[in-house]
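J.: My questions concern the predicted model and sequence given below.
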Amino acid sequence: MSQFLRSYLTVVWFGLAAFLIASLLLGLSALLRPNRPTREKLIAYESGVDPVGEGWSQSQIRYYVFALLFVIFDVEAVFIFPWATQLERYAGFGLVEMGVFVAVLLLGLVYAWRKGVLRWI
């Protein structure tokens, strides 16, 4: 067996040992721990407040869309910083490209605004 494969075999042995030790400890703790479920223990716990009503509720999709738009614009704004540090290197071409990039971002923002996605309530 080559030295290259032997190094991978070492990793496999350590991974197998870690898996076995974790399984053994979890199984042992499941056997030794006390298990006395009561009605109060089985109730969903939410920040110290007793739950009221159904456990299922439908949430508005607009919150997810709002969060997704935030992530998109936040990530896209990160692309401006490397461009700003290398502005002299890119010269006029880089300026035009960044102008197009910012215009597309603004177009997306205007579209979201006109569709009413940015309204919170």
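T.: Now that the structure is in, tell me what you want to look at.

J.: Pull the distance from the helix or strand bottoming out on mean pLDDT in the chain to the chain's centre.
T.: Least confident helix or strand, the chain: helix 61-78 with a mean of 83, by mean pLDDT, DSSP states H and E. Here helix 61-78 is found 12 Å from its chain centre; the criterion is Cα atoms, centre = their mean, to the nearest Å.

J.: Tell me which residues of that helix come out buried.
T.: Of all the residues in helix 61-78, those buried under the rule 16 or more other Cβ atoms under 10 Å are residue 66. Just so you know, the C-beta spots here come from the backbone N, C-alpha and C atoms, and that holds for glycine as well.

J.: What residue spans form the domains of the protein?
T.: As assigned by automatic domain parsing, the chain contains the domains 1-36, 59-121.

J.: What are the buried residues along the shortest one?
T.: If I follow you right, that is domain 1-36. Within domain 1-36, no residue counts as buried by 16+ other Cβ under 10 Å.

J.: Right, I'll call it a day here.
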